[in-house]
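In: Return a 3D structure for these sequence lines:
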Amino acid sequence: MPNRNKIERSANYNYYADVLWCCVPLMAMAWFFYGPRPILLMLVGLFTAYVCDCLVTPLHGAGYRPHEPSSECFAALIVLMMPASVSYFMVVAAVIVAVLIKETFGGEGHYPFHPAAVGVAVAALSWPNQMTRYPTPGTVLPLWGITSDTTLAAGMNTTLSSGGLPSATTMNLLTGNVSGPLGTGAFLVIVACGLFLLCRGHLQLSTLLPYLIVCVAVPWLLPNLNDLPTLSLPWEFIRQRVYLEKYILLTGGMAFGGVFLICEPVTQPNRFTSRLIYGLLLGLATTVFRYNTVYETGVCFALLIVGAVPEWLDRVSRRAERMKFMKKEAKRLAKRAKPEAL
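Out: Numbers count the residues shown, from 1 in each chain. Take a look at the predicted model:
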């Protein structure tokens, strides 16, 4: 007889589990640069997510499901998008918001907005000073509180949004040895995680590639640089454009968002053409936020805006396919009717 008490895993269990495993090397890099404080921040975030799941999920009749690690995954992503100097209270507040957003819409598989993006956006708007100031890599932070000797600096997007170019070396950008969020700077590690998730079938290239193309193409065509004229041809000032693209690709949350956020299976559209449009819109919105704000993780705000359209895109795509099918059927029936008429 089948075991009725056996707990079946959720449909997206493997995705969330693999993303959690990908957070391990990013946390190792954060530990290397800042000491054990990032590990404690991560543990606080994971514990908060677990407790919130146990307390909140029974409110909509489902009960806590230990086979569904999405809340823990969102908590880990939130911590990785925060500075190492944030307070534990900020981590707890952001994770609570993320879990509440998830459960408000019915829990795993039903939320329209990425919960981690909501948590980071709420924290960024609530504590803008703490969320836009980052410790210098190599500074071992105290476990409790931040001393007055700790130097905090603005992120690189502050320089980029003002029309300047940062001065970090390419090697520092590749390894994450720059001031920024805990997990968004180590570009080589993020690419390795992206290849792992791609091989596991978790990344939809129909969403990821349009997003990356727009994020790269718009700064090339419309560079936000004080040294360049307002309007210039794409083949002019090549050197300045290349330097700008280096910082666009290797800093901020563009690569991190593409690998860990935009391809989330619940919030992205289900149909191919819808995902293409979704990726293009996300790339455009992310670029706008990078041009006009100092937030390193502008992709979170982009997800909140564009996250309102996936279901509508799927409906439009489904209706277009239905109309196309009906036209084909009408033509086929017309061809069959002609010989009979003769």
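
In: Point out where the chain drops to low pLDDT.
Out: For the chain, the stretches with pLDDT under 70 are 1-9, 58-67, 107, 109, 146-149, 230, 310, 312-314, 316-342.

In: Do a quick rundown of the strands in it.
Out: Applying DSSP state E to the chain gives strands spanning 133-135, 152-154.

In: Between the ones you listed, which one is closest to residue 288.
Out: Nearest to residue 288, of all these, is strand 152-154, at 19.8 Å by CB to CB. All C-beta atoms are positioned from the backbone trio N, CA, C, and that covers glycine.

In: what comes up buried for the closest one?
Out: Within strand 152-154, the residues that count as buried by 16 or more other CB atoms under 10 Å are residue 152.

In: Tell me which other helices or strands that strand touches.
Out: strand 133-135 (3 or more CB pairs under 8 Å, 6 or more residues apart in numbering; DSSP states H and E).

In: Can you tell me what sits against the strand it packs on?
Out: Strand 133-135 is contacted from outside by 34, 83-85, 141, 146, 150-155, 179-181, using CB atoms under 8 Å, 6 or more residues apart in numbering.

In: How about stretch 44-60?
Out: Applying CB under 8 Å, 6+ apart, the contact partners of stretch 44-60 are 63-65, 71-72, 74-76, 78-79, 88, 91-92, 95-96, 98-100, 103, 106-107.

In: Which members of the contacts of strand 133-135 are classed as buried?
Out: For the contacts of strand 133-135, buried by 16+ other CB under 10 Å: 34, 83, 84, 85, 141, 146, 152, 155, 179, 180, 181.

In: how close does the first one sit to residue 141?
Out: Noted for residue 34: a distance of 5 Å to residue 141, by CB to CB, to the nearest Å.

In: Count residues in the vicinity of residue 122, would you?
Out: By other CB atoms under 10 Å, the residues close to residue 122 number 19.

In: Kindly apply the preceding question to residue 309 instead.
Out: 16.

In: rewinding a little: from the buried ones among the contacts of strand 133-135, which is closest to residue 117?
Out: Using CB to CB, the buried ones among the contacts of strand 133-135 come closest to residue 117 at residue 181, 13.4 Å.

In: Got phi/psi on that closest one?
Out: Main-chain dihedrals, residue 181, degrees, to the nearest 10: phi -60, psi 160.

In: ok, now how distant is it from residue 17?
Out: From residue 181 across to residue 17, the span is 23 Å (CB to CB).

In: Overlap in contacts, residue 34 and residue 141.
Out: In contact with both residue 34 and residue 141: 84, 135, using CB under 8 Å, 6+ apart.

In: ok now do the closest residue to residue 122 other than its chain neighbours, which residues does it touch?
Out: In this structure, residue 122 finds its nearest non-sequential neighbour in residue 97, 4.9 Å apart by CB to CB, 6 or more residues apart in numbering. By CB under 8 Å, 6+ apart, residue 97 lies in contact with 118, 119, 122, 123.

In: do residue 297 as well
Out: Residue 297 neighbours (CB under 8 Å, 6+ apart): 81, 120, 124, 181, 184, 252, 253, 256, 257.

In: Quick check: the fifth one vs residue 254, distance?
Out: Right, residue 184. Distance from residue 184 to residue 254, by CB to CB: 9 Å.

In: How about residue 241?
Out: Residue 241 sits 16 Å away from residue 254, taking CB to CB as the criterion.

In: Now do residue 271 against residue 300, distance only.
Out: Residue 271 is 24 Å from residue 300, by CB to CB.

In: Check residue 83 too.
Out: For residue 83, the distance to residue 300 equals 14 Å [CB to CB].

In: Counting neighbours around each, name which of residue 271 and residue 300 comes out higher.
Out: Under the criterion of other CB under 10 Å, the comparison of residue 271 against residue 300 puts residue 300 first, with 27 against 19.
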